[in-house]
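S.K.: Sharing a model that was predicted from the sequence below.
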Amino acid sequence: MEKYSSMSFCSTSTRNGDEPKANYRGRDRSYADLAEFIDEKAEQLDISAVPSKAAELHCLFDNARDSIIALLAFARKTGVLLEGLHHLTILNSLLRDDAGKRTIKTWCNGKLVSIDVDDLDAADAARLALAEQCGVSEQELLRFEQRMADPYGACFRVPCNHQGCSMTKAVSFGNPAEMLDAERLTANEIWYCRYHREAAFLQGGIISDEFLPVLERIRQSPGLAQKDTGAKRDDIQFLQSVGLLTVEKVTYGTRLLCYQVALTDEGHAMLDKLSVAVAVA
Ligand SMILES: [Zn+2]
């Protein structure tokens, strides 16, 4: 963890070029790559010792402003055109307004709001209180709020474990604690899409981790109705097709009452194997 080494990151930063070292040079300069690099940098920062985030942010804005002014002045002197309007637009966004204020966007209780930088510490205290209420850290709450704002929905995507397959499974969550659980669960989850799950089983004897609780539930209540297994009908049919389950129709006269599901011997063996693997992990 890269910890702020004194009262202010600004006061220790880069004038003589000795820090920070991890610059963006040498990377493919796509926006996505740049955003990822910034995420990595943010992840490494420990700002717990910063006394005022508002003062720090002003200081960083001022440094960025001075650097861009220096860059543009040097470019003008040397007669080099540095996409002038583009840099002026960036510069303008770094300046204070006529009243000496700066406004930024921040997350506040699930909403993206504009906030005076001078009010940042108060907003920060409110977020910290909310994080404590939710039993998560401030950064985790912030991550949750940012994910909730994702236009594609608040979820993690587990990729199909078959090489080259682009299918993913969405794992959604509704609060910060659920997000952390989902994050932990999906980090090492093995999952195969419907096109590759049969091959994975036949060739490697592997099934998706998500079937472990389903098989466990069926072992504990043999004859469980399909709807109580926690799996979709299609999943049950798959597990039956590879010989892990039996599914029996229960009828009353000609009327179908339900499907009863039970483990086969192979199903018991697979569950034992998966349970050992989970216990070792
Ligand atoms: Zn797949």
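M.R.: Looks like it arrived, so ask away.
S.K.: which SS class is Y259?
M.R.: Secondary structure for Y259, judged by DSSP: H, G, I helix; E, B strand; the rest coil, is strand.
S.K.: A262 now?
M.R.: Under three-state DSSP, A262 comes out as strand.
S.K.: Quick check: the residue lying closest to it once chain neighbours are set aside vs F238, distance?
M.R.: Computed as Cβ to Cβ, 6 or more residues apart in numbering, the closest residue to A262 that is not its neighbour in sequence is P222, at 4.4 Å. Quick note: C-beta positions are derived from backbone N, CA and C, even for glycine. Distance, P222 to F238, by Cβ to Cβ, to the nearest Å: 19 Å.
S.K.: Compare those two and say which is more crowded by neighbours.
M.R.: Neighbours per residue, other Cβ atoms under 10 Å: of P222 and F238, the larger number sits with F238, 21 against 11.
S.K.: Am I right that that one is in contact with E198?
M.R.: Yes: with contacts counted by Cβ atoms under 8 Å, F238 reaches E198, the gap being 7.2 Å.
S.K.: coming back round to it: phi, psi for the residue nearest to A262 please.
M.R.: Backbone torsions for P222, taken as degrees, to the nearest 10, come to phi -60, psi 140.
S.K.: right, and it touches G267 too?
M.R.: No: counting by Cβ under 8 Å, P222 sits too far from G267 to count as a contact (10.3 Å).
S.K.: The chain: strands as residue ranges?
M.R.: For the chain, strands defined by DSSP state E occupy the ranges 2-3, 45-46, 103-108, 111-116, 155-159, 168-172, 224-225, 245-252, 255-263.
S.K.: Now tabulate these in TSV and tack on mean pLDDT and distance to S67.
M.R.: Formatted as TSV, these follow (pLDDT from 0 to 100; distance: least, Cβ to Cβ, whole Å):
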stretch	mean pLDDT	distance to S67
strand 2-3	54	20
strand 45-46	86	19
strand 103-108	81	19
strand 111-116	83	24
strand 155-159	90	37
strand 168-172	91	40
strand 224-225	87	66
strand 245-252	88	65
strand 255-263	86	66
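S.K.: Export those strands to JSON lines and append columns for mean neighbour count and distance to L91.
M.R.: Rendered in JSON lines, the data for the strands of the chain read as follows (neighbours: other Cβ atoms under 10 Å; distance: least, Cβ to Cβ, whole Å):
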{"stretch": "strand 2-3", "mean neighbour count": "12", "distance to L91": "27"}
{"stretch": "strand 45-46", "mean neighbour count": "12", "distance to L91": "25"}
{"stretch": "strand 103-108", "mean neighbour count": "15", "distance to L91": "16"}
{"stretch": "strand 111-116", "mean neighbour count": "12", "distance to L91": "20"}
{"stretch": "strand 155-159", "mean neighbour count": "17", "distance to L91": "38"}
{"stretch": "strand 168-172", "mean neighbour count": "15", "distance to L91": "41"}
{"stretch": "strand 224-225", "mean neighbour count": "16", "distance to L91": "66"}
{"stretch": "strand 245-252", "mean neighbour count": "13", "distance to L91": "65"}
{"stretch": "strand 255-263", "mean neighbour count": "15", "distance to L91": "66"}
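S.K.: now those in TSV, with distance to the ion?
M.R.: Formatted as TSV, these follow (distance: least, Cβ to the ion, whole Å):
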stretch	distance to the ion
strand 2-3	38
strand 45-46	37
strand 103-108	35
strand 111-116	35
strand 155-159	8
strand 168-172	9
strand 224-225	28
strand 245-252	22
strand 255-263	25
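S.K.: Below-threshold pLDDT in the protein: ranges please.
M.R.: Low-confidence segments of the chain, defined by pLDDT under 70: 1-29, 83-84, 109-110, 277-281.
S.K.: Pick out the residue closest to the middle of it.
M.R.: F156 (6.2 Å; Cα atoms, centre = their mean).
S.K.: quick one, what contacts that one?
M.R.: 170-171, 173, 182-183, 186 (Cβ atoms under 8 Å, 6 or more residues apart in numbering).
S.K.: Check A154 too.
M.R.: Neighbour list for A154: 144, 147-148, 172-174, 179 [criterion: Cβ under 8 Å, 6+ apart].
S.K.: Looking at these, which is nearest the ion?
M.R.: S172 (20.1 Å; Cβ to the ion).
S.K.: Not counting its neighbours along the chain, what's nearest the closest one?
M.R.: C155 is the one closest to S172 (Cβ to Cβ, 6+ apart), at 4.2 Å.
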